[in-house]
Structures are given as C-alpha cells and as structure tokens.
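Colleague: here is a sequence with its predicted model. Questions after.
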Amino acid sequence: MSFASTPFNFNKSIGVITIDTLAIDIETYSSYNLLDTGVYRYAEAPDFEILLFAYSFNDDPVEVIDLTWDDLPDRVLKALTDKNTLKTAFNAQFEFVCINKHFNLDMDIRQWQCTMVHALTLGLPGSLANVAKALGIEERKDTAGTALINYFSKPCRPTKANGKRTRNLPEHDPEKWANYIKYNRQDVVVEKAIKNKLSRFPISEREQTLWELDQRINGGGVKTDLQMVLNAIKIDETDSDRLLVEAKKLTGLDNPNSTAQLKKWVEDQGESMPNVQKATVEKLANETENEAVKRALEIRQQLSKTSVKKYYALQATRCDDGRVRGLMQHYGANRTGRWAGRLVQVQNLPGISMGASDLDSARSLVVKDEGEMFGLLYPVADTLSQLIRTALVAEEGSRFIVSDFSAIEARVIAWLANEKWRIDVFKGHGKIYEASASQMFNVPIENVTRENGLRAKGKVAELALGYQGSLGALKQMGGEAMGLSEEEMEEIVQSWRLASPNIVQFWYDVGNAALKAVKDKAVIKLQYGLQFSYESGFLFIRLPSGRRLAYVRPRIKENKFGRDAIFFDGARSEESTYGGKLVENIVQATARDLLADNLLKLDGMGYKTVFHVHDEVVCEMPYGQGSLEEVEQLMSEPIEWAPGLPLSADGFETEYYKKD
C-alpha cells in the first residue's frame, strides 16, 4: 500500500463519543534508516513490519503482543478504526503511519491524540524520557532501549561470528528479546503517566484540530522532481571531485577536507587562522593577499556548502509515489508553538538571488542533465543551492498557489503595543523601513532612499530592535557590515526607541506583568486579552487568540545585570527571560496563530496545503480550481480575535516552488 492510496477524511466533525482510550506503543523493523527517510518512507521498505505492539485500554495493565508469532487481539484491531475509541501515543504520527501500513487499515487521524504535542504545548521537552523527568514522574523510560532498538529494529553487519546474517531475530538472543518486550511495555506505562499528569491542562479543541490538519498536510506531502534531484546530485559529486583534485594539487595535502591539515597548511603559508569555522574561513578568504590561500579557502567554502546536501535528503525521503512526506513538526518551536521543519528542512531553505529567467535557465540545464554547460555558466555549489526549492513541484495539471503575510511581526507588535503611526503605515503604503527611518531621523519619507543610506538604517533597525535589542543586536543583523560605527549604531538604537515609545513601554509592561504573576501568584491582564498567571508550577501567558504559552517551573532570581528576572526550565537547561524576549515570544506566537487560522480557513474552502514556511502557505491546486486572488484576500481579512490588526498578503502562482 503506498501512502497515495491512504485516504483521509476531511470532514470537520465525526461526532466522536469516547467510550474507551487505547494507549499504544510499537517497536518496528525496517532496513531504511528512520532518521534519514522519515516515517512515511521508512514504512515503505519491503521488509518493514511491526515487531511488538504494547497497549492498554483505559486503566488496564499494559499488554504486549509479539507480532513475530502472534496476532493482534480482535478487540484491539477493531478499536483502531472504532470512532468511539480514542487512540493515544507519544509522537502519535509514528504509530499512526506504521499501524496503517502494517495492517493495511484506513484509520482516521481525528480519533488520535499525541501526548508529545500535548507536552510541547506546555513548554516541556520533546522526548518521552525527558518529559517524564521534567514532570517528576516515578515511572521512567527504560534506558536500555537504544541498544535493543539497534539490535532488533535495524539491519546488522554480517560477520563470521553471526553467520553472515544481516538481521537479528528473537531466536538469536531470547534474553534480549524478553528485555525488548519489557522496554516496549514500559513506554506505554510512562506515556499513560505523562498523559494523566498533563490532564489538568487539556489540549484545546482548536489545537487538536490543528494537529489533525497538520497530520493530513504531512501525510499528503509534496511531489519532487526526481530527475532534477538525481541530476543535481550527479553535478554536485562531479564538481566536488574536480574541486578536491584542484585542492590537492594546490596544497599538496593528502586530504584537503581535513580541518587539521588545512589549518596547518594555511599557517605554513604565513597566515593566521585560529580555527576553520565558516566565519573565520570567509573572513580570511576575503582579506588574504596570498592567492593560493584565497583559492584553497574558496574551495573549502564550496565543498562545505551543506545546503546542497538537501538534494540527498529529497532523494532519501521520497516515497514510492514521488512525494516527500513529514516535512513539518507541529509545535516544533515549543516556546511559541510555531512549526519546525523536518527532513528536508523547508523552514531553512537557501535564498534565491538569481533573476527569474536565470533561475529557469539554470533549472532547465539541471533537468536536462547538461552538467558541463551548467558548470560553465554558473557557480555550481551556489547555484545548486539556490535551485533546491525548485525541486519541489506541483503534480501535472496543477500549480502551487504561494502566499505569505507581509511584515507580519512588525504589524503584530505595532498592534499589540498600539503604536499608532506604525498601524497607520500598515493601513496605508506599508513601507515600514522608510517610515521608520523618517520617524527616527525626522525627515520626510520621500527623502528616505537607498542612495542616501537612510532606508538601510531603517531596515536594520526594524530587524534588530523590536524585541529590546541594542548595540549587539544591530551588529548581529549587519550593522557593522554596513560600515556603521558603534557611535552610529548607538544613535540608531536611541532614535528607534524614541520613535516607538509605545513598543518600549510594552516591553516593560510585559516584563513587569510576568514578574508580578510569578512573585505574587497573581493574574495580570494587559490589552487585547493578554493575561499572565501562575498555575501549578507554570507561568502561562494567554494570547489574544486564547492559546496559552507556558514556562516550566518559573522562579525569580538575580540576572547578570543584578536585576530580578524570571528563570525557568528550558528543554535542556535553565533559561532566563525578560520583557523584550517575552514580547518576541508573544509576537511570534500571535503570528503563528494568524497562520493557523488561515490554514484552517483554506482547508475549509477546499485548498490543499502541501507545506508552509514561517508565514507563507503553499497550496497545490488543479488549474481551474482556486485562485491567488482568493487566497490573498482570505489572508488579508480581519481576524475576529485581533480587532484593528491590519493584515496584508502577497503571492504568486508557479509550477515549481521558488521565491517570487
């Protein structure tokens, strides 16, 4: 069964009355590497199978079925498609996809809940073991699992000692197999304990609906141009081989890819290179007058261009029907709830600086396997990097409708802080960089141009300073690269803050509200429904949408500046926050909720979203169905919970993904 033939029910309500809850955890085997392929491709391996199926109905003890010799009980099999049985799992996508595939079922994602996503909504870690630890749950994940998974769930290396076999079966080590069954059982015990612990803060109906939509988007996937992907890989390998030969000849090194060898060679040429980090290599390549060193470092930069490796990810994750699935992680950024990219990492694709005609010509050469001509006309690594987006294509007879919010974070922060002149800009011409420079430097907006550098100053200020950033933020956003001195940057910081007093006040209002909520266990309310509260070891910030951000075990301690600050348990270690950082979380989370609302609206109108990137949606629609104008209009419409927030969206139509 290919995933193209797995139907999903798009009805909004199925009238579920939960009678039973079925907690599930499975152990599987596949010759495909899960980390490389993602679960959808992983389950398409010819030898894929479920080995162990642990389950528990309601409060019953956990049972484990060894599917290598036994069958799943009828009650469990029927429950998997019973609309009155709620199925739960930690990272439920894995169980849903694998069970659907193994048993050739037609399960409905609306009958499932994901305990991992529930934990993420509360600011908790994304792994079963770490969530249990963070919640202080007595039931803990069995730490022996990794070795058992490696032994039974992955191919093994054939050796003389193991009789040249490529897979370990239960009979090859009965004791380990018994431990694997215990491990599988314990995962359900821990998942149920976590679910019970989180039940006092149930996941909202809206967030559950969004997760279900997210699973349908992930399950639908997006088509890849296989010929282009394979040709791009071939061109990259040919060019890498050529560059390596040149580097060996130039440096005399056995392995110019070795950081230690290259560093020593550069220093032997009389240059100082403290490390071989990207920024160091780039700086020295630009500054050195030694042509051999310059060229060696340029080759190093081209050989280490990791973005080109996304073609290999596209090849590895491509399902049998040509589509890549599982590109998005719901609540991947658990501080704000934004989606994160997975596998090909569509949230982090390289930019495109080429013009439209050059892009089309370069892409055409790759598709036609004209590698030699491609290398003559274009810098190979950089151009292949820019072309990665274009390997994602619409099905024949369809096109992508791509639309994204315009300056969404700048609009949201202006609205939340009631910075009126900014709101007026967004209701009018929308040129926030020019308007900001006009306010900062007290000049007419028509005098703000690229030529006199004022627009650039307005832009860098807008990008760096909205969340209480200062000199360091300006440097990080390119202030130094623009040639600005520290004195000029300090002036920009002060000018920006003077021009946006309501935003500055908003930082302090938010910071003080959070401190008071934690210190006094009080409920503090601000504009547009923002609300800060401390409940059962969490600091909650209620957003205008009604969703709540969560910070685990908040406490007040002195920060490095000697001021009271909120510290909380991060995913890996203790973190601290302050007014501007909390404002950033609130703004980005609100922008996420605006995108989420529109994803639901688009779905309701029959638009098929194949993926989305930050504030941009990518819908795949047959020609003659849907329109760019309709999508732009929908995304520009006022939102009920955000009265007065001016929204605008721009987009384009294309048969392959790109940046307009």
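Modeller: Right, received. Where do you want to start?

Colleague: tell me the secondary structure for the residue nearest to the spatial centre of the chain?
Modeller: For the chain, the residue nearest the mean C-alpha position is Ala340 (1.4 Å; Cα atoms, centre = their mean). Of the three states, Ala340 takes strand according to DSSP: H, G, I helix; E, B strand; the rest coil.

Colleague: that one bridge partners, please.
Modeller: Gln329 (DSSP bridges).

Colleague: what is the burial count for Gly624?
Modeller: Neighbours of Gly624 under the rule other Cβ atoms under 10 Å: 8. Quick note: C-beta positions are derived from backbone N, CA and C, even for glycine.

Colleague: and it, what pLDDT?
Modeller: Note on Gly624: pLDDT of 96.

Colleague: kindly report the same for Val16.
Modeller: Predicted confidence (pLDDT) for Val16: 56.

Colleague: the one 10 residues further on now?
Modeller: Listed pLDDT for Ile26 reads 98.

Colleague: where does pLDDT dip in this structure?
Modeller: 1-18 (pLDDT under 70).

Colleague: can you give me the strands for the stretch 451-600 of the chain?
Modeller: 524-525, 531-535, 538-542, 548-558, 564-569, 574-577 (DSSP state E, counting those that start in this stretch).

Colleague: which neighbouring elements make contact with the first one?
Modeller: Using 3 or more Cβ pairs under 8 Å, 6 or more residues apart in numbering; DSSP states H and E as the contact criterion, the elements in contact with strand 524-525 are helix 501-520, strand 531-535.

Colleague: what of the fourth one?
Modeller: The criterion is 3+ Cβ pairs under 8 Å, 6+ apart, and the helices and strands that strand 548-558 contacts are helix 501-520, strand 538-542, strand 564-569, helix 579-604.

Colleague: and the second one, which strands flank it?
Modeller: Strand partners for strand 538-542, identified by DSSP bridges, are recorded as strand 531-535 (antiparallel), strand 548-558 (antiparallel).

Colleague: among the ones you listed, which is nearest Arg318?
Modeller: strand 548-558 (36.2 Å; Cβ to Cβ).

Colleague: got the end-to-end distance for stretch 561-575?
Modeller: 15 Å (Cα to Cα, to the nearest Å).

Colleague: report the distance from that stretch to the chain centre.
Modeller: From the chain centre to the centre of stretch 561-575 is a distance of 24 Å (Cα atoms, centre = their mean, to the nearest Å).

Colleague: what's the burial count for Gln315?
Modeller: Applying other Cβ under 10 Å, I find that Gln315 has 18 neighbouring residues.

Colleague: just Ala119 next, same as before
Modeller: 27.

Colleague: tell me where the stretch 301-450 of the chain has strands.
Modeller: For the stretch 301-450 of the chain, applying DSSP E, counting those that start in this stretch gives strands covering 323-324, 328-333, 338-341, 392-393, 398-405.

Colleague: elements contacting the last one?
Modeller: This points to strand 398-405. helix 579-604, strand 616-622, helix 628-636, strand 649-654.

Colleague: and the strand or helix carrying Tyr183, how far from the chain's centre?
Modeller: Using DSSP states H and E, Tyr183 sits in helix 174-198. Remark: helix 174-198 is offset 29 Å from the chain centroid, using Cα atoms, centre = their mean.

Colleague: so Leu594 sits against Pro646, correct?
Modeller: No. Counting by Cβ atoms under 8 Å, Leu594 does not reach Pro646; the two are 11.8 Å apart.

Colleague: comparing the two, which residue is more hemmed in?
Modeller: Using other Cβ under 10 Å as the criterion, Leu594 and Pro646 rank with Leu594 on top: 23 against 19.

Colleague: need the nearest residue in space to the more buried one, chain neighbours excluded.
Modeller: For Leu594, ignoring the flanking residues on the chain, the nearest one in space by Cβ to Cβ, 6 or more residues apart in numbering is Ile639 at 6.3 Å.

Colleague: roughly how far does that neighbour sit from Trp211?
Modeller: In this structure, Ile639 and Trp211 are 20 Å apart, going by Cβ to Cβ, to the nearest Å.

Colleague: ok, those two, which is more surrounded?
Modeller: Between Ile639 and Trp211, Trp211 has the larger neighbour count (other Cβ under 10 Å), namely 23 against 16.

Colleague: what does the host helix or strand of the more buried one contact?
Modeller: Assigned by DSSP H and E, Trp211 belongs to helix 205-220. For helix 205-220, the external contacting residues (Cβ atoms under 8 Å, 6 or more residues apart in numbering) are 3, 6, 8, 10, 40, 93, 96-97, 109-110, 112-114, 117, 121, 323, 325-328, 330-331, 339, 546-547, 596, 599-600, 603, 608-612.

Colleague: for stretch 370-383, same thing?
Modeller: Stretch 370-383 is contacted by residues 231, 234-236, 238-239, 302-303, 305, 308, 354, 361-362, 365-366 when judged by Cβ under 8 Å, 6+ apart.

Colleague: distance between the ends of it?
Modeller: 14 Å.

Colleague: give me the neighbour count for Tyr55.
Modeller: Residues lying near Tyr55 (other Cβ under 10 Å) number 25.

Colleague: does it count as helix, strand or coil?
Modeller: Per three-state DSSP, Tyr55 ends up strand.

Colleague: wait, doesn't it sit right on Val76?
Modeller: Yes. Using Cβ under 8 Å, Tyr55 is in contact with Val76, at 5.8 Å.

Colleague: okay, and the common contacts of those two?
Modeller: Common neighbours of Tyr55 and Val76 (Cβ under 8 Å, 6+ apart) are Leu22, Ile65.

Colleague: how close does Tyr40 sit to Gly469?
Modeller: In terms of Cβ to Cβ, Tyr40 sits 40 Å off from Gly469.

Colleague: returning to that earlier point: so which of the helices and strands packed on strand 524-525 gets nearest Lys176?
Modeller: strand 531-535 (44.2 Å).

Colleague: run the angle between the closest one and helix 579-604 for me.
Modeller: Here strand 531-535 runs at an angle of 100 degrees relative to helix 579-604 (axes from the mean of the first three to the mean of the last three Cα atoms, to 10 degrees).

Colleague: mind listing what's buried along strand 531-535?
Modeller: Gln531, Phe532, Ser533, Tyr534 (16 or more other Cβ atoms under 10 Å).

Colleague: the second one contacts Asn512, correct?
Modeller: Read it as Phe532. No. Here Phe532 lies out of contact with Asn512, judged by Cβ under 8 Å, at a distance of 9.5 Å.

Colleague: sorry, back to before: from the contacts of stretch 370-383, which is closest to Lys560?
Modeller: The closest of these, once distances to Lys560 are taken by Cβ to Cβ, is Lys305, at 37.0 Å.

Colleague: for Lys248, see how far away the closest residue to the closest one other than its chain neighbours is.
Modeller: The shortest distance from Lys305 to any non-neighbouring residue, by Cβ to Cβ, 6+ apart, is to Ala381 (4.4 Å). Ala381 sits 18 Å away from Lys248, going by Cβ to Cβ.

Colleague: so these two - more neighbours on which side?
Modeller: The neighbour count for Ala381 versus Lys248, taken as other Cβ under 10 Å, is higher for Ala381 (20 against 13).

Colleague: the more buried one and Val308, how far apart?
Modeller: 6 Å.

Colleague: give me the buried positions along stretch 503-521.
Modeller: By neighbour count with 16+ other Cβ under 10 Å, stretch 503-521 contains the buried residues Ile503, Val504, Phe506, Trp507, Asp509, Val510, Gly511, Ala513, Ala514, Leu515, Ala517, Val518.

Colleague: oh, I was asking about stretch 302-311
Modeller: Gln302, Leu303, Lys305, Ser307, Val308, Lys310, Tyr311.

Colleague: next, the distance between the ends of that stretch.
Modeller: End-to-end distance (Cα to Cα), stretch 302-311: 16 Å.

Colleague: same question, stretch 625-641
Modeller: 30 Å.

Colleague: begin at 53 from here
Modeller: All right, first residue 53 from here; so that's stretch 677-693.

Colleague: out of the contacts of stretch 422-435, which end up buried?
Modeller: So, by 16+ other Cβ under 10 Å, the buried ones in the contacts of stretch 422-435 are Asn283, Ile287, Asp288, Asp291, Gln354, Leu355, Lys357, Val360, Met406, Ala414, Leu417, Val418.
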